[in-house]
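In: This is a predicted model, with the sequence first.
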Amino acid sequence: EDQVTQSPEALRLQEGESSSLNCSYTVSGLRGLFWYRQDPGKGPEFLFTLYSAGEEKEKERLKATLTKKESFLHITAPKPEDSATYLCAVQAWETSGSRLTFGEGTQLTVNP
Amino acid sequence: NAGVTQTPKFRVLKTGQSMTLLCAQDMNHEYMYWYRQDPGMGLRLIHYSVGEGTTAKGEVPDGYNVSRLKKQNFLLGLESAAPSQTSVYFCASSDQYEQYFGPGTRLTVT
């Protein structure tokens, strides 16, 4: 059974204080690892897909990296508008219907 | 290009009532999904579809039914609502990899 564990559950940062969110996973054969951002009262918004260990992707202040066991979402010099819940999900080659298994998310708060 | 839309946005039901949630996508995606999101439990897959006319059970299918009569639409039905079905429901669509989500429907069953 595919499993995704995200840590920490919640993180408070001061504006400009860089940090990282962790996503540990177990999957029979990784087809893709996905990061989403979710604002309160809204649906998850797609950020990145990573396909293989060593891959990195960047978008503004966010950088996602992938190893064979975990992924990190690095946030550099965050701003208050980066406050949101960040969700990680995995997709296995064997899974029918391209289903995703989600972690419970990390709630990030960036204080001005 | 609206992406994924859901109707209604909010709904209150009494125990035993029925309702249908509508999801529509304009991205010509083959795959569509219904999730529920509850505090402390993350996103859980209810049912999904791999193409027009197909449906399959997800992780938590009991008490729900779905239909995919048209490629762009995916309907989620509750035949006899229970308080345990109070949740936020999200629809998503995909073209094999990343899924794109709708804005959600907040359902309360009293």
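Out: Structure's in. What do you need?
In: Skipping its backbone neighbours, what lies nearest the closest residue to chain B within chain A in space?
Out: Residue nearest to chain B within chain A (Cβ to the nearest Cβ): A:Gly43, separated by 3.6 Å. C-betas here are computed from N, CA, C, even on glycine. In this structure, A:Gly43 finds its nearest non-sequential neighbour in B:Phe101, 3.6 Å apart by Cβ to Cβ, 6 or more residues apart in numbering or on different chains.
In: tell me the secondary structure for the residue of chain A closest to chain B?
Out: coil (DSSP: H, G, I helix; E, B strand; the rest coil).
In: May I ask you to confirm that the residue nearest to A:Gly43 is in contact with B:Ala92?
Out: Yes. Using Cβ atoms under 8 Å, B:Phe101 is in contact with B:Ala92, at 4.7 Å.
In: what do these two both touch?
Out: Shared contacts of B:Phe101 and B:Ala92 (Cβ atoms under 8 Å, 6 or more residues apart in numbering or on different chains): A:43, B:4.
In: Compare those two (neighbour count), which wins?
Out: B:Ala92 (26 against 22; other Cβ atoms under 10 Å in any protein chain shown).
In: Name the residues linked to the more buried one by a beta bridge.
Out: Under the criterion DSSP bridges, B:Ala92 forms beta bridges with B:Tyr33, B:Phe101.
In: residue contacts, the spatially most central residue of chain B?
Out: Nearest to the geometric centre of chain B sits B:Trp34, at 3.2 Å (Cα atoms, centre = their mean). When contacts are counted by Cβ under 8 Å, 6+ apart, B:Trp34 touches B:21, B:23, B:45-48, B:58, B:64, B:66, B:74, B:76, B:89-91.
In: just B:Tyr31 next, same as before
Out: B:Tyr31 neighbours (Cβ under 8 Å, 6+ apart): A:97-98, B:48-51, B:93-96, B:99.
In: just the strands in chain A please.
Out: A:3-7, A:10-14, A:19-26, A:30-38, A:45-50, A:56-59, A:62-66, A:70-75, A:84-92, A:101-102, A:106-111 (DSSP state E).
In: would CSV of those with distance to chain B be doable?
Out: Below are these laid out as CSV (distance: least, Cβ to the nearest Cβ, whole Å):
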stretch, distance to chain B
strand A:3-7, 9
strand A:10-14, 12
strand A:19-26, 12
strand A:30-38, 6
strand A:45-50, 5
strand A:56-59, 12
strand A:62-66, 13
strand A:70-75, 14
strand A:84-92, 7
strand A:101-102, 4
strand A:106-111, 11
